[in-house]
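S.K.: below are the sequence and a predicted model; questions follow.
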Amino acid sequence: MRPSDKYTNLVKAAERLVEAINRVQAAPEDDLLRSGLIQTFEFAIELSWKFLKSSLEAENYVVKTPREAIRLAANAGFIDDTRGWLMALDSRNLTSHIYDDKLAKNIAEKIINIYAPLLIKLVQNNQVSSEK
């Protein structure tokens, strides 16, 4: 799959994430909506690192892991908040293996305030380059 195809999928995931955030913010105590937000986030993070991997490989980088994709993407100028992206990856790994209400609420807050803005910035910064 070309980077532009992965970008299209990433845009759709970012749009779904924003929609999930809006729904959770409208009903913050709804556990089912929060679960949906977290699952949407997991999917978006997966697509994000795969998009970065594909973009880096198009520039002749060799990428084997999500962490490596994030670090190399920062070095190549695709992203500028390595720490935030690594935190997002760690949160994604936590949510896919354990479910705890306190953890879910904490990660949902991070998704809304930290991770979603990173994802949206990635989409916006790559809008022009993906149209080539």
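M.R.: Looks like it came in fine. Quick caveat: nothing in here was measured; it's all calculated off a predicted structure.
S.K.: give me the most central residue, this protein.
M.R.: residue 45 (3.0 Å; CA atoms, centre = their mean).
S.K.: spatially nearest residue to it, not counting backbone neighbours?
M.R.: Closest residue to residue 45 apart from its sequence neighbours, by CB to CB, 6 or more residues apart in numbering: residue 92 at 4.4 Å. For the C-beta atoms, the positions are set from N, CA and C on the backbone; glycine is no exception.
S.K.: quick one: residues contacting that neighbour.
M.R.: 41, 42, 45, 46 (CB atoms under 8 Å, 6 or more residues apart in numbering).
S.K.: select only the buried ones of those residues in ChimeraX?
M.R.: Buried residues among the contacts of residue 92 (16 or more other CB atoms under 10 Å), as a ChimeraX selection:
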select :41,42,45
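S.K.: format the contacts of residue 92 as JSON lines; extra columns: secondary structure and distance to residue 115.
M.R.: Shown next, in JSON lines, are those (DSSP: H, G, I helix; E, B strand; the rest coil; distance: CB to CB, whole Å):
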{"residue": "41", "secondary structure": "helix", "distance to residue 115": "7"}
{"residue": "42", "secondary structure": "helix", "distance to residue 115": "11"}
{"residue": "45", "secondary structure": "helix", "distance to residue 115": "7"}
{"residue": "46", "secondary structure": "helix", "distance to residue 115": "13"}
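S.K.: can you pick out the most distant pair from the contacts of residue 92?
M.R.: Maximum pairwise distance among these (CB to CB): 9.6 Å, between 41 and 46.
S.K.: how about low-confidence regions in the protein?
M.R.: 1-3, 128-132 (pLDDT under 70).
S.K.: ok, the residue sitting furthest away from the middle of it to residue 101 distance?
M.R.: Centroid-distance maximum for the chain: residue 29 at 23.4 Å, with CA atoms, centre = their mean. The spacing between residue 29 and residue 101, counted by CB to CB, to the nearest Å, is 11 Å.
S.K.: residue 50 now?
M.R.: For residue 50, the distance to residue 101 - CB to CB - is 30 Å.
S.K.: lovely, talk soon.
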